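Asks: Build me a model:
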Amino acid sequence: MQKLSPYREVKPLRSVFELAITGLAFVMLWTLTWAALYVGYWLSLLLTVPASCFLMRLFMIQHDCGHGAFFRSRSTNDWVGRVLGVVTLTPYAFWRRTHAIHHAGVGNLEQRGIGDIDTRTVNEYLAMPAAGRLRYRSYRSPVVMFCLIPAFLFLIRHRLPCGLMGVGSQPWISTMGTNFAIAVLIALMAELVGFEAFLLVQIPIVLIAASIAMWFFYVQHQFENTRWVHQETWKVHEAALYGSSHYELPPLFAWFTGNIGVHHVHHLNSRIPFYRLRQVVNDHPELAGIGTLTFLQSLKCTSLALWDEEQGRLISFRELRRERNPQTGGA
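Replies: Okay, the predicted model is just below:
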């Protein structure tokens, strides 16, 4: 949308401030978490929660760098993104490419598979063999989706350019370069604080931050009245507006997550810095009510798993059973 173009203007001092305050806070909290080990691991674990929130915020800055939205210079965006990728365990150039694929095909039933959560239509699910249905149901379960998959994704899958392994050297350079830098960082931290202490601090922080990131990515597109259409009727602006949620959060949570809850605006124009997304909604109230989700409403999204093309909405496995067996109530 043309009227959103002015919001793309980066404020360099603001960007530097956001990066500095987030990075310094993360380092301070990490240090406090490590120091708390000598008081009791219970205290250290408590401190991992705010530390993981700041790690999540560093990931959001890396995200904006990937869109060229955090600094005016592309090279500055890229180098900051690469450095942050070592901390967030996310190879920058590889992730940027897969995320661009996500933006280019969000809500398009013919472009599922890279950079998004696997979502099957009702007909596709019903056509699966029993083993396939079981795998898909397991994949969509909350424990797997928000605990196991985030850990697998950030700790293991990001160590190889999965999905882009045969498209050239850049994904390999990005992932292998990030892996090498991570190994160097681990060696340095092991020398400074001890390998065991490093793991006791870092692993919980990463796991919590990864689960938070997965939750937000989930609710941004996996809500009842999202939109999925076939290629012939897919339009980029409609997909952005109606296939992405507006997740309303208290100011503190919105700050930690880089206002990414204003996701429909982000998809309308991904070059808008995260610190200006809220301003867009304030200046254009007509955008505020589109795809709105409150926190309580978002909790219900965890049961949604299948796109019903006839109804044009996401439904749960229970709803599918009930619709197919109305006399028994899906029992």
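
Asks: CA atoms for contacts and neighbours, from now on please.
Replies: Will do.

Asks: measure the residue nearest the centre of the chain to Ala240 for me?
Replies: Nearest to the centroid of the C-alpha atoms of the chain, with distances taken as C-alpha atoms, centre = their mean, sits Phe217, at 3.8 Å. Counting by C-alpha to C-alpha, to the nearest Å, the gap between Phe217 and Ala240 amounts to 14 Å.

Asks: What of Arg74?
Replies: Counting by C-alpha to C-alpha, the gap from Arg74 to Ala240 is 24 Å.

Asks: So which of the two has more stuff around it?
Replies: Taking Arg74 and Ala240 together and counting by other C-alpha atoms under 10 Å, Ala240 has the greater number of neighbours (25 against 15).

Asks: Model confidence for the more buried one, exactly?
Replies: Here the pLDDT value assigned to Ala240 is 92.

Asks: what's the nearest residue to it if we skip its chain neighbours?
Replies: Computed as C-alpha to C-alpha, 6 or more residues apart in numbering, the closest residue to Ala240 that is not its neighbour in sequence is His267, at 5.0 Å.

Asks: what about the one you found, how many neighbours?
Replies: His267 sits with 21 neighbouring residues when counted by other C-alpha under 10 Å.

Asks: my guess is it contacts Gly105, does it?
Replies: No: between His267 and Gly105 no contact is recorded; they are 10.9 Å apart, counting by C-alpha atoms under 8 Å.

Asks: Please enumerate the shared neighbours of the two.
Replies: Among the neighbours of His267, none is also in contact with Gly105 (C-alpha atoms under 8 Å, 6 or more residues apart in numbering).

Asks: And the strands in this structure, which stretches?
Replies: With DSSP state E as the criterion, the chain has strands at 120-121, 246-247, 292-293, 304-308, 313-316.

Asks: Could you provide the ones you listed in a markdown table, with additional columns for mean neighbour count?
Replies: Putting the strands of the chain into a markdown table (neighbours: other C-alpha atoms under 10 Å) gives the following:
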| stretch | mean neighbour count |
| --- | --- |
| strand 120-121 | 17 |
| strand 246-247 | 24 |
| strand 292-293 | 20 |
| strand 304-308 | 23 |
| strand 313-316 | 20 |
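
Asks: For Ala127, find the nearest of these.
Replies: Ranking the strands of the chain by proximity to Ala127 (C-alpha to C-alpha) places strand 120-121 first, at 9.9 Å.

Asks: tell me which strands and helices the closest one is in contact with?
Replies: Strand 120-121 is packed against strand 304-308, with contacts defined by 3 or more C-alpha pairs under 8 Å, 6 or more residues apart in numbering; DSSP states H and E.

Asks: from the chain's centre, how far out does the strand it packs on sit?
Replies: 20 Å (C-alpha atoms, centre = their mean, to the nearest Å).

Asks: what's the answer for stretch 179-186, then?
Replies: When distances are taken as C-alpha atoms, centre = their mean, stretch 179-186 is centred 23 Å away from the chain's centroid.
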